[in-house]
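*Asks:* All I have is the shape, not the residue letters:
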């Protein structure tokens, strides 16, 4: 780990750290920066994108970063702008996934695919256990896919369930998010636990075993909190997502009506489909779900809901491709076959394939024109701009905290504290997570700090795996405004910043603390 930069351009640091120099000054700047950001967003109601940029600049200058380090230079040079690298680093991955996932979700939503799948889940588990169905979905789908990919693919199911029930979207979104977050933090093949296993030289089998043992009680605790907060905090389905879907549905219906009119088919007076609405299923009181299905004259197949097998094929294809690519990097030696598997399993490629499948299977094959597909896709991207800007600004804030040496200062503060290794590992991971936002960075950095502390202690593979679990648990503690995941959850599910702190941030904290308690308790006996 590099030394904390106590002097940066000599006079510049002493000038900007007016009150306290050194590590204490960096810690003070970090704390004040986070407090200021929370005040600007929650109290002042400043737009989060603007607040994040303003506080990032203030923290960077106060911590001693030069103007050149923050903004680069007017002329082209080797100097890299921290703001540009911070935003580009996160958006280079997230922007494409958000775009592809949003369009895929729109096709599932407008075609009725998400509604049909949600109805099946609710019919299987019953209305009262629908949040459990969402939680299990996140838990299962979260194993092969990254956290953000899981959100973008599965969000339409949450929208559909919340719209049909009329209850808070938190009741359905939070269990899903808990499942996705648990698998991302505790289980291979996700990058954090895999990297930690390599650093500690622990077999992946032990990491998987301990990940399941520690993760299941943790996610159960998180589901319990999700059920509690979902009943006490009402958040409607995000209106911009609803409007985008309604706009797309209306455009498709209008075009179908125009085509029918051109060939002499019947339309209603408003120029939309002259369909009827039939209900299937029984009332919610019996545990089943009523699904409204638009049906055109003569049973037009374009009006029928898509087959569940088709929906599962479209959703499952990117998941299986990503899973195959992930495990091929672990199980296969470098080869042409492995390269092909990794190519098709890259999230960008896998989601593109799924989107093209949705275009054909849910659109063209069911009577949609290319214009309808374009209309649906374009309408779905309207709410994405704000999401991308806010997530990118969160990346800038995290980059400034890391580049200024604040994360290193926080780690050094805990490095020589006389605590049990597993407790120290969790605390360091917690501090790094809170300071810079990335769970994977917190895991890898903490593992690098803790590995020297366990050398020569002759700890078993199982015990070392539990230390990795403690680090993983710390890496998801208190997701807040410097975490891209915080803004994805807030903006994608239409939750205010205040309510996101009450729901998502606390949910992550419950998941973290419960996982740590289980890991620490087991370490006494293993």
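*Replies:* Alright, I've got the coordinates. Computed from a predicted structure; not experimentally measured.

*Asks:* got the phi/psi numbers for the closest residue to residue 240 other than its chain neighbours?
*Replies:* Of all residues not flanking residue 240 in the chain, residue 383 sits nearest, at 4.1 Å (Cβ to Cβ, 6 or more residues apart in numbering). Bear in mind the C-beta positions are built from the backbone N, C-alpha and C, glycine included. The phi/psi pair for residue 383 (degrees, to the nearest 10) reads phi -80, psi 0.

*Asks:* Residue 477 now?
*Replies:* As for residue 477, its main-chain torsions (degrees, to the nearest 10) stand at phi -70, psi 130.

*Asks:* how many other residues sit next to it?
*Replies:* 26 (other Cβ atoms under 10 Å).

*Asks:* Tell me how far the residue lying closest to it once chain neighbours are set aside lies from residue 86.
*Replies:* Among residues not flanking residue 477 along the chain, residue 512 sits closest, at 4.0 Å (Cβ to Cβ, 6+ apart). According to Cβ to Cβ, to the nearest Å, residue 512 and residue 86 sit 25 Å apart.

*Asks:* neighbour-wise, which of those two wins?
*Replies:* Legend: neighbour count by other Cβ under 10 Å for residue 512 and residue 86, higher for residue 512 (28 against 24).

*Asks:* all strands for the stretch 201-350 of the chain, in order.
*Replies:* Applying DSSP state E, counting those that start in this stretch to the stretch 201-350 of the chain gives strands spanning 276-280, 291-295.

*Asks:* Please settle this for me: is the residue nearest to residue 477 part of a strand?
*Replies:* No - in this structure, residue 512 is helix, not part of a strand, as judged by DSSP: H, G, I helix; E, B strand; the rest coil.

*Asks:* Surely it and residue 439 touch.
*Replies:* No - here residue 512 does not reach residue 439: they are 9.9 Å apart, not a contact under Cβ atoms under 8 Å.

*Asks:* quick one: common contacting residues for the two?
*Replies:* Residues touching both residue 512 and residue 439 (Cβ atoms under 8 Å, 6 or more residues apart in numbering) are 475-476.

*Asks:* could you point out where the stretch 351-500 of the chain is predicted with low confidence?
*Replies:* For the stretch 351-500 of the chain, the stretches with pLDDT under 70 are 407, 410-418.

*Asks:* quick one: the strands in it?
*Replies:* Here the stretch 351-500 of the chain has no strands by DSSP E, counting those that start in this stretch.

*Asks:* need the helices for it, in chain order.
*Replies:* Per DSSP state H, counting those that start in this stretch, the stretch 351-500 of the chain carries helices over the ranges 370-380, 384-403, 406-415, 421-436, 439-454, 461-474, 484-492, 497-500.

*Asks:* now for those helices, which one comes closest to residue 179?
*Replies:* helix 484-492 (13.5 Å; Cβ to Cβ).

*Asks:* And the contacts of the closest one?
*Replies:* With contact meaning Cβ under 8 Å, 6+ apart, helix 484-492 is reached by 48, 90, 94, 98, 147-148, 151-152, 155, 173, 177, 238, 383, 386-387, 390-391, 394-395, 398, 437-439, 479-481, 495-497, 500, 504-505.

*Asks:* Separate out the buried members of those.
*Replies:* 48, 90, 94, 98, 147-148, 151-152, 155, 173, 177, 238, 383, 387, 390-391, 394-395, 398, 437-439, 479-481, 495, 497, 500, 504-505 (16 or more other Cβ atoms under 10 Å).

*Asks:* Could you check how far residue 437 is from residue 406?
*Replies:* Taking Cβ to Cβ, one finds residue 437 at 12 Å from residue 406.
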